[in-house]
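Colleague: I'll drop the sequence and a predicted model, then ask my questions.
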Amino acid sequence: MTETALLREDRRGPIAILTMNAPKRRNALSMAMRRLMIDALDRLESDRDIRAIVVTGEGGTFSAGGDISDMDATDLAAGRDRFRISHRLVGAMIHNAKPIIAAVEGWCVGAGMSVALCCDTIVAAADARFMASFGRIGLIADLGLPHTLPRRVGEGRARQILLYGETFGAEQAERIGLIDHVVAPGTALEAALARAALFADAAPLPVALTKAFLARGLDEALALERDYQSALFGTADHAEGKAAFLGKRKPAFTGT
């Protein structure tokens, strides 16, 4: 087992487990955590002893999304640099030759939901909750979600999820195809490990090439996401959204 302050790595035979380890912040995806995940995923991809990767969160929460206190990009250049790193994480997951399985307990929100959808399979506890409420802080969905979500649930349902930012549970998520398996609370990790174990005897190259085939169109989508979101970082509405979130009040958006 290897451990940092923000990311823990364990191994069970040919399976690697990456645990987002910031439970006091509900595993918010700070830029530091994103860098650690990139490094781990890149290293695991080249490890021939590893056949599958499981991603989960510590403390009964998958991830509450991006770390609001860490969103300090206020101009276009800073925003684009932020996405240079964030999109490396998306690529390290979706383009990774190894199958990646998400084990979701509790909240899976915003960028946390984006990370889950970068995985090939999503196993969620029956009491898990999902939400893509980026608009509440004056932003659009990112980390590849505008690309991955319609491919899972169809454009019509993706439109409703992204525009309204409403909360929905695991049963509804499974019904619309957002997630793949619903299990009893507290058992998502073990269920994900059981799915990952199925790759122990699978030929690695067909798995890798299947993933590559299915990832077509991602890079174009990320380029557009980077342009739009980088511009939004500098708006008054984003500043108001952050202030309202941190102040636990309703935002007053003006469209500027």
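Modeller: Received it, and whenever you're ready, just let me know what you need.

Colleague: hey, let's count contacts and neighbours off CA atoms from now on
Modeller: Fine.

Colleague: and the helix or strand harbouring residue 44, what does it pack against?
Modeller: In the assignment (DSSP states H and E), residue 44 maps to helix 31-45. Packing partners of helix 31-45 (3 or more CA pairs under 8 Å, 6 or more residues apart in numbering; DSSP states H and E): strand 7-12, strand 15-20, helix 76-94.

Colleague: adding mean pLDDT, mean neighbour count and distance to residue 171, write those out as a markdown table.
Modeller: Formatted as a markdown table, those follow (pLDDT from 0 to 100; neighbours: other CA atoms under 10 Å; distance: least, CA to CA, whole Å):
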| stretch | mean pLDDT | mean neighbour count | distance to residue 171 |
| --- | --- | --- | --- |
| strand 7-12 | 97 | 16 | 29 |
| strand 15-20 | 98 | 24 | 24 |
| helix 76-94 | 88 | 19 | 25 |
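
Colleague: how about the ones you listed, which one is nearest residue 64?
Modeller: Nearest to residue 64, of all those, is strand 15-20, at 11.1 Å by CA to CA.

Colleague: direction included, what does the closest one pair up with?
Modeller: Strand 15-20 has the following sheet partners, assigned by DSSP bridges: strand 7-12 (antiparallel), strand 52-57 (parallel).

Colleague: take those strands and lay them out in JSON lines including distance to residue 84.
Modeller: Output for the strands paired with strand 15-20, formatted as JSON lines (distance: least, CA to CA, whole Å):
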{"stretch": "strand 7-12", "distance to residue 84": "20"}
{"stretch": "strand 52-57", "distance to residue 84": "22"}
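
Colleague: nearest to residue 21, out of those strands?
Modeller: Among the strands paired with strand 15-20, strand 7-12 sits nearest to residue 21 (CA to CA), with 5.1 Å.

Colleague: quick one, the closest one and helix 31-45 angle?
Modeller: 30 degrees (axes from the mean of the first three to the mean of the last three CA atoms, to 10 degrees).

Colleague: output strand 7-12 as CSV, nothing but the C-alphas.
Modeller: Coordinates of each C-alpha in strand 7-12 appear next as CSV, following Å, rounded to 0.1, in the frame of the first residue of the first chain:
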residue,chain,number,x,y,z
LEU,A,7,-4.8,9.7,-2.4
ARG,A,8,-4.4,6.2,-1.2
GLU,A,9,-3.3,3.3,-3.4
ASP,A,10,-3.9,-0.3,-2.5
ARG,A,11,-3.5,-3.6,-4.4
ARG,A,12,-5.5,-6.8,-4.4
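
Colleague: picking that back up, between the strands paired with strand 15-20, which one is nearest to residue 24?
Modeller: Nearest of the strands paired with strand 15-20 (CA to CA): strand 52-57, 11.5 Å.

Colleague: name the surrounding residues that touch that closest one.
Modeller: Strand 52-57 is contacted from outside by 14-21, 23, 27, 62-63, 98-105, 189, 192-193, 196-197, 199-200, using CA atoms under 8 Å, 6 or more residues apart in numbering.

Colleague: residue ranges of the strands in the stretch 51-200 of the chain, please?
Modeller: 52-57, 100-104, 107-109, 121-125, 129-131, 168-169, 181-183 (DSSP state E, counting those that start in this stretch).

Colleague: out of the ones you listed, which one sits most buried?
Modeller: strand 100-104 (a mean of 29; mean count of other CA atoms under 10 Å).

Colleague: please state the offset of that strand from the chain centre?
Modeller: 10 Å (CA atoms, centre = their mean, to the nearest Å).
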